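Peer 1: okay, sequence plus prediction incoming.
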Amino acid sequence: MSISGRLLDLTVAVKNVSGLEDALWNMYVEEEVFDCDNLYHCGTCDRLVKAAKSAKLRKLPPFLTVSLLRFNFDFVKCERYKETSCYTFPLRINLKPFCEQNELDDLEYMYDLFSVIIHKGGCYGGHYHVYIKDVDHLGNWQFQEEKRKPDVNLKDLQSEEEIDHPLMILKAILLEEENNLIPVDQLGQKLLKKIGISWNKKYRKQHGPLRKFLQLHSQIFLLSSDESIVRLLKNGSLQAESDFQRNDQQIFETLPPESPGLNSSISCPHWFDINDSKVQPIREKDIEQQFQGKESAYMLFYRKSQLQRPPEARANPRYGVPCHLLNEMDAANIELQIKRAECDSANNTFELHLHLGPQYHFFNGALHPVVSQTESVWDLTFDKRKTLGDLRQSIFQLLEFWEGDMVLSVAKLVPAGLHIYQTLGGDELTLCETEIADGEDIFVWNGVEVGGVHIQTEVGTVLTALAIPAGVIFINSAGCPGGEGWMAISKEDMRKTFREQGLGNGSSVLIQDSHHDNSLLTKEEKWVTSMNEIDWLHVKNLCQLDSEEKQVKISATVNTMVFDIRIKAIKELKLMKELADNSCLRPIDRNGKLLCPVPDSYTLKEAELKMGSSLGLCLGKAPSSCQLFLFFAMGSDVQPGTEMEIIVEETISVRDCLKLMLEKSGLQGDAWHLRKMDWCYEAGEPLCEEDATLKELLICSGDTLLLIEGQLPPPGFLKVPIWWYQLQGPSGHCESHQDQTNCTSSRGGVWRAAFSQGASVNEPTQVSLLYLGDVEISEDATLAELKSQAMTLPPFLELGVPSPAHLRAWVVERKRPGRLLRTDRQPLREYKLGRRIEICLEPLQKGENLGPQDVLLRTQVRIPGERTYTPALDLVWNAAQGGTAGSLRQRVADFYCLPVEKIEIAKYFPEKFEWLPISSWNQQITKRKKKKKQDYLQGAPYYLKDGDTIGVKNLLVDDNDDFSTIRDDIGKEKQKQRALGRRQSREALREQSSCILSSAETPARPRAPETSLSIHVGSFG
C-alpha cells in the first residue's frame, strides 16, 4: 500500500541524532516493523498481519528546504528548551538513498548547500541571521581582519591557515619576547596588535578562554602559580602541534572530484553573513561553528548541483531585471546614499575629547595637564555605532607611543581640575549603549596611576579631600530622602572602595567631624532638627558714603532679580539715587572677602546666591556678558583679601592682560608672566600662550591671576631648577649608600631641607636637597645632556662627580624625590615633564642601567633592642615576575643573605608615620580574585614605587612585631596637635563671623541645619 503527500520542506529531528544524513536515514531508509504484539490490521483481509512501514522521497524539487527541530518540550520539568547538541550537515549531499526512484544518474540527486538560517538565543527569544552563498559573485568578499593586521610578522606566519591556529600565533609572540616570558594580560594585547582582532572575538568560541587554552597545552606553555605569567617551553613537543592541527581540521563530508562541468558550477566558495543591516564575509569552514551551541543552525537550504546560472549573470546584479525596475532601483539607491551620508554625519558621529594620562599629573586632589590644555587634549571624531573595543583599538593606533594596559574613563571638569567620573567597561558594547554623549571628555590612562601617583578610591579619602583629620562617614543604606536609614561606616570598611560600599551615582553621604559635639544625628540615627525657610538677604553699605544704616535686610525669593534687590537696598540705606547707575552687588564670603559682582539681569537662583547670605553694595558697574572680573596679585604667597581687581574684555590676549595688570600694580619691566591660582590658593600652570585670548584659555569671572617675576622660556624649551640630592647618615653628615663623597655646600647655594617626616635619629633615612641653579634646555635634548649641562653650574664643580653616568635623576614632587628618570638617551619631551618641573640629581659610585620593570628601593635593617635602623642600601627589584610579596621577600632575603622565612619586611609611609607589613601569608586563605589583587605590591594598599623605604627585620635576633621608631611616635603626636589647632582656628573664625553679624541691628543669620553631602561617585575600576 502506498500513500502520497506533498511536503513544503523536510522537517528532521535533532534530539539524539548526530547529523542531517543520520536523520534522513532514520526517516527514509530504515523500516518500522509491525509484528508480535504490534501487528498491523489489514483493511483488505480484515485481520492482523505482519507488515513493514517506510517512507521515500518520490520527486525532488530544484530547491530543498530542511527544518531542524531545535525546540523541544521536557515533560518532566514541563518546560520548553532548545536542543544545543552537535548536529552536522554537509556542504554537498546525495539524496539517492532516500528516493523511491534511483535509476537516474547520481548527479540528479546531488544538492549543494547555499544558505543557512541561524538562531541565536533560547526557546523564549533570540535573534536570527543567515549565511548565504554568493552564487553569482555579486558581493565584495574581503575579510575585515585582513585589513586590520598590518603588523603580522610574515616570517613567523606564512599563510592564513597558520593565523587560524592560535597555537602558532602565540608561539610567534612568545619567541619575540625576552626569555620567552610575558604576562598573560600583555599576551592578549600583543595578539590584538599582531592580527588586528582580540582572542575573544576570533578564538574564544572554538577554543575557550585564553588561560584555559594555555593550560590545555601545558607541554608547550608553562603558567606561573598564580596564572599571571606564561613562559614558552624550549623543548615543547612538536607532536602537540600536529595533534592540534589534526583536531582543528574540517569535519565537513567531502566527495571525490567530479566532472569539469560540476566543478565549475560549485567553484564559488564565497559566503556572507547577513545580520540585520550588517553584512560581512565568512569562510566555508566557519559554518561548522553553527553545528552546536546557543547560536546554531535552524534551517538549511540546498539547490540542485546541476542548476547552472548563465555566464552573463555572474557578477551582474542587473541580470534579468526589467528596465523600468532598474531605473526605479537606481533612483532609489541614489536617494538612499544621500540620506545615508546625511544620517551618518548628523546622527552617527560625535566628537570626543581625549585627555592623555601621560600628559597629566595629580595635584591638589585633581588632575591637571603637565603642559598646556590644548596640547593635552586630542579631539577625535568617531562613529557611535561602533563598540568600545573599536574605540580602544583606534586610540591604540592613534597613540603609537602607548605601552601596557589602556583604561578609558569618562572625565568631568570641576573647579579643582579634571575628575575621573566613570570607567568604561565591556568592549562588546556600542558607544550608544555605554551612554557616551557628544563632546564627552575621555581620560586615557593605565587604570592605576597618573604621573607616578596612585589614584585612591577608598571611602576614607573623602575625609582627606574635605581636610577633616578625623571624622565619621554615614551612608544612607535605605535610600530615604530624609533622616532615616543612616548607617556609620566602620574603621575597617574605610579602606573599601565606593563600589564595595554599594554607593553609586547620586548616593548621599553624611560627613561629621568626630570632635563636633552638636551633631544633628543622634545615636538612634533620627533627624531631630528642622528649620523654617529663610527668605531674606543681608546687604551692607560698602560705597564709602555716609548713611544712617550700615546694613539692611531685604526680603526676596529665589526668582527675585538682582537689580530689584540692589534698588531696594539703595532706598532702605537712604543713599543717593545716582548710585542706581553706578553700583553693583557683590557676595561676601564667610571670611569677609568681596567676590565677583553679580549681573543685574540674573535671578538669585541663576546667580547661585543662597538665602540668608550677605551682599555688599559697592561702587562701580558689574561686568557685562562679554567682560571678565578678575582678581590679581603679585607673587605666589598671596593672603586672601589682598588681591587687586580689574575688569577686562574676555577677548583680550594674555600679553595685553599682563600689561594692564602691570600698569595697575605700578610694576615695570618685561620679566613677568601670568599664572592662574588653583583652588588651593597656590600658583598653578603658567599661561604660556601669550597670543591666546582669556576666553580660549577658559578664564572665567572671579578667577585669580598671579604676576610672577621671570620670563617664560621660549616655546620648546624648559627652565629646570636643579637640586642636589644627598642621603643623610646617622650622624647627620652627607653620605651615599653607594659612594662616600663628602657633601659640602657652596656659600652661594641655598639649602632647602625636605626631611623624611617621622624618621628617628638614624632612620628612616633623612633627605635634604641643595639648590644648585637653573638650567634652560630644549625639550628635544636627552636626559644625559641635561645632566651634562647641570654639571656646568658653579656649585656643581665642588661636588666632584666624574661624569653624567654617575648621576641618578629624580623628579622633585612635594619637596621630595618622586619619579625616577631612567633612560639617559630618551628625549625630555617623552618624559612629559611639564613647565613646573624640578630635577634633583643623586651621586652614584658607578653607572647603572635600570630596566622598565626594575624598582629601586631603599632597604634598612632594624637594629635589635633599639627602635632605630641601619643606613639605607639600594636594592633593585625586578617586578616583571609578577610584582608579588613573595618575590620581594625572596629578593630581600638574598640581598642580606638571610633565610626567607626568617625575615619580615614593611613599607614606610612618611606622611602617616606608619609602617605597613608586607606579608604573603594570606595567599593560602583568600580567594583567587582577592589573592591577585592583594599580592600585587604596585597596587593597593602598598603602591610600591621607586625610592620607597623598606624596613627589614631579622627574626633570628629580633622577634618584636613593632616596626615603628621613636620619631614616628613624635610625628603622630605632632599631627594630632596640628589637627587640633586647625579645628580651633576654624571655631575661632566661626565665632568671629558670628560676632560681626550680631553687631548689626538685624538678627544674626541662624545656623544652617546639618545636611547630607551628595557626592557623585564614578567607577574607578
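Peer 2: Received it, and whenever you're ready, just let me know what you need. All values derive from a computational prediction rather than experimental measurement. Residues are numbered from 1 along each chain as shown.

Peer 1: list the buried ones in the helix or strand harbouring residue 132?
Peer 2: Take DSSP states H and E as the rule and residue 132 turns out to sit in strand 125-133. Residues 129, 131, 132, 133 are the ones in strand 125-133 that count as buried (16 or more other C-beta atoms under 10 Å). Every residue, glycine included, has its C-beta placed from N, CA and C.

Peer 1: and what about the closest residue to the third one other than its chain neighbours, helix, strand or coil?
Peer 2: Nearest residue to residue 132 in three dimensions, chain neighbours excluded: residue 115, at 5.0 Å (C-beta to C-beta, 6 or more residues apart in numbering). Reduced to three states with DSSP: H, G, I helix; E, B strand; the rest coil, the structure at residue 115 is strand.

Peer 1: any idea how far the spatially most central residue of the chain lies from residue 376?
Peer 2: The C-alpha lying nearest the average C-alpha coordinate of the chain belongs to residue 407 (C-alpha atoms, centre = their mean; 2.9 Å). Note on residue 407: its distance to residue 376, by C-beta to C-beta, to the nearest Å, is 17 Å.

Peer 1: could you do residue 112 as well?
Peer 2: Per C-beta to C-beta, residue 112 is found 59 Å from residue 376.

Peer 1: buried residues, the longest helix anywhere in the chain. List them.
Peer 2: In the chain, assigned by DSSP state H, the helix with the most residues is helix 966-998. Using 16+ other C-beta under 10 Å as the test for burial, helix 966-998 gives 967, 968, 971, 975, 983, 993.

Peer 1: and residue 360, how far is that from residue 698?
Peer 2: 16 Å.

Peer 1: if you count what's nearby, which of the two comes out ahead?
Peer 2: residue 360 (25 against 10; other C-beta atoms under 10 Å).

Peer 1: for this structure, what helix or strand is lowest in average pLDDT?
Peer 2: helix 260-265 (a mean of 36; mean pLDDT, DSSP states H and E).

Peer 1: still on that earlier bit, and which of the buried residues of helix 966-998 is nearest residue 553?
Peer 2: Taking C-beta to C-beta as the measure, residue 553 lies nearest residue 993 of the buried residues of helix 966-998, at 16.9 Å.

Peer 1: could you tell me how many residues sit around the closest residue to residue 138 other than its chain neighbours?
Peer 2: Excluding the flanking residues, the one nearest residue 138 by C-beta to C-beta, 6+ apart is residue 317, at 5.2 Å. For residue 317, the count of nearby residues is 12 (other C-beta under 10 Å).

Peer 1: re the thing from before, just grab the bridge partners of the residue nearest to residue 132 for me.
Peer 2: Beta-bridge pairing of residue 115 under DSSP bridges involves residue 132, residue 301.

Peer 1: ok, it - contacts?
Peer 2: Residues in contact with residue 115 (C-beta atoms under 8 Å, 6 or more residues apart in numbering) are 130, 131, 132, 133, 300, 301.

Peer 1: same check, this time on residue 552
Peer 2: So residue 552 contacts 538, 539, 569, 572, 573, 1002 (C-beta under 8 Å, 6+ apart).

Peer 1: backbone torsions only: list them for it.
Peer 2: phi -130, psi 160 (degrees, to the nearest 10).

Peer 1: and the residue nearest to it when sequence neighbours are not counted, how many neighbours?
Peer 2: Distance criterion C-beta to C-beta, 6+ apart; nearest residue to residue 552, sequence neighbours excluded, is residue 572 at 4.4 Å. By the criterion of other C-beta under 10 Å, residue 572 has 15 neighbours.

Peer 1: for the remainder of this discussion, apply numbering that starts at 4.
Peer 2: Right, with 4 as the first residue, what we last looked at is residue 575.

Peer 1: quick one: residue 575 and residue 557 touch, right?
Peer 2: Yes: between residue 575 and residue 557 a contact is recorded at 7.2 Å, counting by C-beta atoms under 8 Å.

Peer 1: OK, contacts around the spatially closest residue to residue 661 that is not a sequence neighbour?
Peer 2: The shortest distance from residue 661 to any non-neighbouring residue, by C-beta to C-beta, 6+ apart, is to residue 677 (5.4 Å). Residue 677 is in contact with 657, 660, 661, 664, 689, 690, 708, 709, 710, 711, counting by C-beta under 8 Å, 6+ apart.

Peer 1: TSV for these, including distance to residue 821 and pLDDT?
Peer 2: Output for the contacts of residue 677, formatted as TSV (distance: C-beta to C-beta, whole Å; pLDDT from 0 to 100):
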residue	distance to residue 821	pLDDT
657	30	91
660	33	93
661	31	92
664	33	92
689	21	83
690	25	86
708	28	92
709	24	90
710	28	89
711	23	87
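
Peer 1: out of the residues you listed, flag the one nearest to residue 458.
Peer 2: Nearest to residue 458 out of the contacts of residue 677 is residue 689 (C-beta to C-beta; 25.3 Å).

Peer 1: now that closest one: closest residue in space that isn't a chain neighbour?
Peer 2: Nearest non-adjacent residue to residue 689 (C-beta to C-beta, 6+ apart): residue 678, at 4.9 Å.

Peer 1: the one you found in helix, strand or coil?
Peer 2: strand.

Peer 1: and for residue 172?
Peer 2: Once three-state DSSP is applied, residue 172 turns out helix.

Peer 1: would you mind measuring from it to residue 91?
Peer 2: Taking C-beta to C-beta, one finds residue 172 at 28 Å from residue 91.

Peer 1: do residue 658 as well
Peer 2: Distance from residue 658 to residue 91, by C-beta to C-beta: 77 Å.

Peer 1: and residue 818, by the same measure?
Peer 2: Taking C-beta to C-beta, one finds residue 818 at 72 Å from residue 91.

Peer 1: residue 833 now?
Peer 2: Taking C-beta to C-beta, one finds residue 833 at 56 Å from residue 91.

Peer 1: so these two - more neighbours on which side?
Peer 2: residue 91 (17 against 14).
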